[in-house]
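Chemist: Here's my sequence, what's the structure:
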Amino acid sequence: MRPAGAPHRIVFIVPEGFHLLDVTGPLQAFSAAAEILAEPSSGSDSGDGPGPGEGAWADAEAEAGYAVELYADVPLVESAQGVRMCASPTLPVLTADDLIMVPGWRWHDRRTVPLTEPQLSVIADHHAAGGDVASVCAGAFALAKAGVLGSVPVTTHHELVYELARLVPGTVERDVLYTCAERVHTSAGISSGIDLALHLIAHHHGSALAARVARALVVPAWRPGGGSQTPVTLLHRNHMQDLVHRVQDVLDAADGPPLPLDRLAARFGVSGRTLARAFRTATGLTPHAYGAAVRRERAEQLVSQGWTREAAAREVGYADARSLRRR
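Modeler: Modelled structure (predicted):
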């Protein structure tokens, strides 16, 4: 386990000829999350950062953020696009809480995986020790060669799914952006690597943070990996209205009673009527309905973690479970 306060370490194992966006897309998502988590917080009512009630998986160490590193055999690795990136030839010390990610590469010979045997052993050993592994695009073939895919559902780029299906015993999903199962995460390639990173950020720190990262990157806050349930905080973020996003940042902190419409509007210098109209246009909901939906979802998450319904209702700002059900 990582020491208290230490960041989640994300290590990209980078082969020669890797696809640039397979690395830089997820890397920027994790880096943006770390920057947001490092911002000073003035409380859950401020809208300046994730509140303590956000996300089904948020925990006491959530503020630790991420440390992203590139690992390769040589200190300067050339991408398929001709851009070189600096990497460390020394593997950092990893714990079971850390993630190894393998990007895709340009195929010259589909029978060849351009990772060395020691690098493949790093992947296998990390997974065997309880750590998570992930891939973007053809990186799934490295996970297969390292022997960590087992029989779990996986995916890769649509041009490579049949090739991968001949190598692994599990199901190769053909029409999904990413898969996550048993500490193995795979994505279809290029932009879906960002989708996978957002999903992992939501898993570690809550969906509200993932939504803020997506907004910073100007990408969709949520695209389905393949049938997973959509969190309320991501489902209604597929718009570009800055005012509404900032209001959602406040409403996503479901750790107390929601603000009345007039008080909420005053914080952003608009009238209640203007805010309600803009919010409904962007999300299809009123601010009150959105806040209530966030709190219901958060309460259900707490119940699934062992809280009583009464305690969960009080935690998200209602007098009792009956009041929450009425809302």
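Chemist: What segments of the stretch 151-300 of the chain are helices?
Modeler: 161-165, 191-205, 207-217, 232-235, 242-251, 261-267, 272-283, 287-304 (DSSP state H, counting those that start in this stretch).
Chemist: Contacts made by the fifth one with the rest, please.
Modeler: Which is helix 242-251. Applying CB atoms under 8 Å, 6 or more residues apart in numbering, the external contacts of helix 242-251 come out as 45-48, 208, 211-212, 215, 233, 236-237, 239, 258-259, 264, 267-268, 270, 275, 278-279, 282-283, 287, 290-291, 294. In short, each C-beta sits where N, CA and C put it, glycine included.
Chemist: For PyMOL, write the selection for the buried entries among those residues.
Modeler: With 16 or more other CB atoms under 10 Å as the burial test, the buried ones among these are selected in PyMOL as follows:
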select buried, resi 47+48+208+211+212+215+233+236+237+239+258+259+264+270+275+278+279+282+283+287+290+291+294
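Chemist: before we move on, back to that, lowest-confidence stretch among the helices of the stretch 151-300 of the chain?
Modeler: Ranked on mean pLDDT, the bottom entry among those is helix 232-235, at a mean of 75.
Chemist: Would you pull up how far it lies from the middle of the chain?
Modeler: From the chain centre to the centre of helix 232-235 is a distance of 13 Å (CA atoms, centre = their mean, to the nearest Å).
Chemist: packing partners for that helix?
Modeler: helix 207-217, helix 287-304 (3 or more CB pairs under 8 Å, 6 or more residues apart in numbering; DSSP states H and E).
Chemist: looking at the ones you listed, which is closest to residue 35?
Modeler: Checking the helices and strands packed on helix 232-235 against residue 35 by CB to CB gives helix 207-217 as the closest, at 8.3 Å.
Chemist: what's the angle between that closest one and helix 191-205?
Modeler: Relative orientation of helix 207-217 versus helix 191-205 (axes from the mean of the first three to the mean of the last three CA atoms, to 10 degrees): 140 degrees.
Chemist: Would you map the strands across the stretch 51-200 of the chain?
Modeler: Ranges of strands in the stretch 51-200 of the chain, per DSSP state E, counting those that start in this stretch, are 66-71, 76-78, 84-86, 99-102, 132-136, 178-181, 184-187.
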